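[1] Coordinates only, no sequence provided:
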């Protein structure tokens, strides 16, 4: 059994992770961390009490539970310190919180290497989203004019989403930077054309009712191609999280992207 603790346990993603870990036969839920401390995790996910009480002390949970893996779905301002603390105690980390900078990732990588353990980061744990990104990168070889629209719930803190940025990064590897649209184009309102990444425009939508959605639109002579993925429920991310909890045991250093552990 792989012993797992969950940070951000009382959030919407955290609750889904608690349930997924609890239901998997190869994983054992041994700890939960959140600012809303005091409740048994069984009550949170709607089962009998499990004897695991939510704590607001990550260091204390690591010391008492001795986990193999920490799953973090907290906030951008919190995840970095959580990851470094866990890694410094030899606890492998699975990070779903987006918003980490390249400098943050480099520091996490250094801590993982120093402590001979592993950190895994994914911008999106939905297998369908990984396929969408791979298909977009392939399509960009033949249809280089592309824009990305990502749509999320209105409580998401970072924009563009990590998935949109990762999609743009993957597309950049298959096509050269280029000017899109009219060279004399004028934004009457700043930001109307979205963020610009190597000529690609990324548009972020934040509205209640959405979970996580993205479409990548390609334009060519007399045709368009749209590749879209929709997560209509947070359970869509859980198979990827469970896979990451198991695969991170055999990783070393920092690994980014669910596609790296699916093959």
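    Received, thanks. Please read these numbers as outputs of a predicted model, since none were measured by experiment. Residues are numbered from 1 along each chain as shown.

[2] show me the contacts for the closest residue to residue 232 other than its chain neighbours.
    Nearest non-adjacent residue to residue 232, counting by C-beta to C-beta, 6 or more residues apart in numbering: residue 211, 6.0 Å away. Backbone N, C-alpha and C define where each C-beta goes, glycine included. Residues counted as contacts of residue 211 (C-beta atoms under 8 Å, 6 or more residues apart in numbering) are 152, 153, 230, 231, 232, 233, 234, 236.

[3] and with 10 Å instead?
    Going by C-beta atoms under 10 Å, 6 or more residues apart in numbering, residue 211 touches 12, 126, 151-153, 156, 230-234, 236-237.

[4] Helix, strand, or coil at the residue located most distally from the centre of the chain?
    Distance from the centre of the chain peaks at residue 184, with 36.8 Å (C-alpha atoms, centre = their mean). Following DSSP: H, G, I helix; E, B strand; the rest coil, the label given to residue 184 is coil.

[5] now swap in the one 3 residues further on and tell me
    When states are read from three-state DSSP, the local structure at residue 187 comes out as coil.

[6] Give me the distance between residue 176 and residue 136.
    16 Å (C-beta to C-beta, to the nearest Å).

[7] ok, the two, which is more surrounded?
    residue 136 (25 against 8; other C-beta atoms under 10 Å).

[8] per-residue confidence for the more buried one?
    pLDDT for residue 136: 97.

[9] neighbours around residue 38, how many?
    For residue 38, the neighbour count with other C-beta under 10 Å is 9.

[10] Looks to me like it is in a strand.
    No. Using three-state DSSP, the secondary structure at residue 38 is coil, not a strand.

[11] Helices along the protein, start to end?
    For the chain, the helices defined by DSSP state H occupy 12-23, 41-45, 58-65, 76-88, 102-114, 127-139, 162-172, 238-247, 259-262.

[12] Throw the ones you listed into TSV and include distance to residue 206, thanks.
    As requested, the helices of the chain are exported to TSV (distance: least, C-beta to C-beta, whole Å):
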stretch	distance to residue 206
helix 12-23	15
helix 41-45	26
helix 58-65	29
helix 76-88	15
helix 102-114	23
helix 127-139	18
helix 162-172	13
helix 238-247	23
helix 259-262	26
